Structures are given as C-alpha cells and as structure tokens.
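Colleague: 3D model of this:
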Amino acid sequence: MFLSRWLPGLANLLHYRREWFRPDVQAGLSVAAIQIPIAIAYAQIAGLPPQVGLYACILPMMVYALVGSSR
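Modeller: Just a heads-up that it's a prediction; the model follows:
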C-alpha cells in the first residue's frame, strides 16, 4: 500500500485490535492531562488567547497519529 509508506499510522488504524483500545485511551488521557494545560499556559505567556494553545497542541498530535511510526 503506497499510503502506508507516508502514513504509517493509517496502516495501524486499518489493523487495529479491540484489546488495544483501553490502553490507548488511558495513554491519550494521560498525555492530554499534561499537554493541554501546558499548551494553554504557553499561549498565555506569549500573550495569545488560550484557544491558540489548544490548536497548537491538538492539531500536531492528530498529524503525528497518522505520520508517526510508533503504535
């Protein structure tokens, strides 16, 4: 599959197993619990509204989920 070369996360998604769901949700919540307040704080330190910090944190994570090679 040509896309799996450039989007390894897509291949993982196509072969996703049900038993991975719970640990993945736990990992996502733990990262969100740390990353979201940090992103908001950095945006406010830079004099920007908190929404900018959220966009700067969530969008790259979604891109990494598709482009990153680590499950």
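
Colleague: is L48 part of a helix or strand, or is it coil?
Modeller: Taken by DSSP: H, G, I helix; E, B strand; the rest coil, the conformation at L48 corresponds to coil.

Colleague: what separation do you get for it and L54?
Modeller: 11 Å (Cβ to Cβ, to the nearest Å). For every residue, glycine as well, the C-beta is placed using N, CA and C.

Colleague: need the contact list for V52.
Modeller: Neighbour list for V52: A43 [criterion: Cβ atoms under 8 Å, 6 or more residues apart in numbering].

Colleague: mind redoing it with 10 Å?
Modeller: A39, I40, Y42, A43, Q44, A46 (Cβ atoms under 10 Å, 6 or more residues apart in numbering).

Colleague: let me know the secondary structure of it.
Modeller: helix.

Colleague: and it, what's its pLDDT?
Modeller: Looking at V52, its pLDDT is 93.

Colleague: ditto for Y42
Modeller: Reading off the per-residue confidence, Y42 sits at a pLDDT of 95.

Colleague: could you find the closest non-adjacent residue to it?
Modeller: Beyond its immediate neighbours in the sequence, the residue positioned closest to Y42 (Cβ to Cβ, 6 or more residues apart in numbering) is G53, lying 5.8 Å away.

Colleague: my guess is A39 contacts A33, does it?
Modeller: No. The pair formed by A39 and A33 falls short of the contact definition of Cβ atoms under 10 Å, at 12.0 Å.
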